[in-house]
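Student: I need the structure of the sequence given here:
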Amino acid sequence: MNILFVCTANTCRSPMAQGIFEKMIAHKHLSHQVNSAGIYAHPNQEITEMALKQLEKRGIDYSGRTSVQVTKELIGQYDFVFSMTDNQRRILVQNYPEAAEKIHLLGDYTNRGDDVMDPYGQNNHVYNRCANTIECMLNILIQMIA
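Tutor: As a prediction, the model looks like this:
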């Protein structure tokens with residue numbers, strides 16, 4: 001199973017989701033392909049320092065990770081596409097209607113809430129809360145697919 005996480009710029013939420021989920025699947029010895037991208041990403045932009053700190057705190061090294069732009073070809077490679085907000089989900093469905101059935105809001109899919117709010121420009125406390133929210137959702141997702 002291949003999973004793509006999507007947010008706005010691919011510098012905070014979706015790379016945190018990717019890193020956390022990769023660690024989870026490695027721990028369970030699963031072989032799922034995981035990636036992340038942004039709807040409005042500027043290709044090769046570095047992940048934010050605060051997002052890096054949240055990943056490092058969880059034993060994940062994402063230094064050197066750069067942003068990726070969502071494309072039709074990229075979406076075509078994945079079985080599931082999880083957005084961080086409902087607005088992002090709507091944009092993805094509008095732009096890629098042929099993939100509508102595999103595009104989901106992560107919070108809805110895991111029955112864990114609504115949008116994962118963007119921590120960009122906020123302090124470490126906000127990034128920590130965001131990473132914890134993502135991690136809770138991914139703990140549910142890993143149980144669903146393992």
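Student: show me where this protein has strands.
Tutor: Here the chain has its strands, by DSSP state E, at 2-7, 33-38, 80-83, 103-105.
Student: and the last one, what other elements does it pack with?
Tutor: Going back to what we said before, that points to strand 103-105. Under the contact criterion of 3 or more CB pairs under 8 Å, 6 or more residues apart in numbering; DSSP states H and E, strand 103-105 touches strand 80-83, helix 86-95. Placement of C-beta: from N, CA and C, glycine included.
Student: thinking again about what came up before, now the strands of the chain in JSON lines, with mean neighbour count, mean pLDDT and distance to residue 71?
Tutor: As requested, the strands of the chain are exported to JSON lines (neighbours: other CB atoms under 10 Å; pLDDT from 0 to 100; distance: least, CB to CB, whole Å):
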{"stretch": "strand 2-7", "mean neighbour count": "25", "mean pLDDT": "98", "distance to residue 71": "11"}
{"stretch": "strand 33-38", "mean neighbour count": "22", "mean pLDDT": "98", "distance to residue 71": "8"}
{"stretch": "strand 80-83", "mean neighbour count": "26", "mean pLDDT": "98", "distance to residue 71": "12"}
{"stretch": "strand 103-105", "mean neighbour count": "20", "mean pLDDT": "97", "distance to residue 71": "14"}
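Student: Need the ones you listed in TSV (columns: distance to residue 89).
Tutor: Listed next are the strands of the chain as TSV, based on distance: least, CB to CB, whole Å:
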stretch	distance to residue 89
strand 2-7	9
strand 33-38	14
strand 80-83	4
strand 103-105	5
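Student: Relative to residue 74, which of the ones you listed is closest?
Tutor: strand 33-38 (5.9 Å; CB to CB).
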